[in-house]
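Trainee: coordinates only, sequence not included:
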């Protein structure tokens, strides 16, 4: 059952204030769809009942996503300047940052989102050869990044070019396991995992891995950095999270698909 937006927000605030008052929590990382329902964490950061800090974790996720793209391109011995990329969810928090970094590198880029007015705003922030569209224009793209908050898979088999590379950042995933089984020619890679040597009881997260959004908050706490990181990504902070990742060893060392190491030529 769908709950009203304000009720969901209040539930989130109740959990955060409980953690603050009973567990002495000073930093909260927003996971899953709690970022989008709180306007990228901005709404939550303005609530007087909570006096700690908020981090949506999307800065390091965007950085790791770009690293995943780079590793995939090098794995298949391709060149950015020869390729077309589609970014689904391009005006979202992760999608916008990824677009800023990657669009200038590719021959052609297609930035996809459901709301035309948001795409119009995005156009002013991006440099490079690109177009924006509200349609799922992915079937001519060599690389596809999905970074949406959509609750169900968006990509269909007919949306995918032969030998397409898909970087699936979305949670829940935007490309189903069944399509990966059906289309042996395509290559799907997880877009949000980094190496993490401690096992946490989080469902479906593979051993030795953790979501980069959670890792970002862990690193912020380790650095004792008392700031909010909400709303659009500060690109300087994104670069800083990459430095943190190398410092603590929480980096992307292998490509995975649904949590399992990828073996090319399967």
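Mentor: Thanks, I have the structure now. This one's a predicted model, so the numbers in the text were calculated from it and none came from an experiment.

Trainee: how about the strands of the stretch 151-266 of the chain, start to end?
Mentor: In the stretch 151-266 of the chain, the strands defined using DSSP state E, counting those that start in this stretch lie at 165-168, 187-190, 193-195, 209-211, 256-257, 260-261.

Trainee: among those strands, which is the most enclosed?
Mentor: Highest mean neighbour count of these: strand 165-168, a mean of 26 (counted as mean count of other CB atoms under 10 Å). Where C-beta positions appear, they are placed from N, C-alpha and C, glycine not excepted.

Trainee: Which strands or helices does it pack on?
Mentor: With contacts taken as 3 or more CB pairs under 8 Å, 6 or more residues apart in numbering; DSSP states H and E, strand 165-168 sits against helix 58-75, strand 143-146, strand 187-190.

Trainee: Sketch out the low-pLDDT regions of this protein for me.
Mentor: 1, 264-266 (pLDDT under 70).

Trainee: Sketch out the helices for it, chain order is fine.
Mentor: Using DSSP state H, the helices of the chain run over residues 5-23, 34-37, 42-45, 58-75, 93-102, 116-123, 177-182, 212-222, 235-248.

Trainee: Of all these, which one comes closest to residue 263?
Mentor: Among the helices of the chain, helix 58-75 comes nearest to residue 263, with 11.2 Å by CB to CB.

Trainee: ok, now which ones touch the residue nearest to residue 72 when sequence neighbours are not counted?
Mentor: Nearest residue to residue 72, sequence neighbours excluded (CB to CB, 6 or more residues apart in numbering): residue 165, at 5.2 Å. Residues counted as contacts of residue 165 (CB atoms under 8 Å, 6 or more residues apart in numbering) are 72-73, 76, 142-144, 186-187, 189.

Trainee: do residue 36 as well
Mentor: Listed by CB under 8 Å, 6+ apart, the contact set of residue 36 reads 92, 149.

Trainee: that older thread, how about CSV for the helices of the chain, with distance to residue 202 added?
Mentor: Below are the helices of the chain laid out as CSV (distance: least, CB to CB, whole Å):
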stretch, distance to residue 202
helix 5-23, 17
helix 34-37, 15
helix 42-45, 21
helix 58-75, 15
helix 93-102, 19
helix 116-123, 31
helix 177-182, 19
helix 212-222, 8
helix 235-248, 18
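
Trainee: Minimum distance to residue 85: which of these has it?
Mentor: Ranking these by proximity to residue 85 (CB to CB) places helix 93-102 first, at 6.5 Å.
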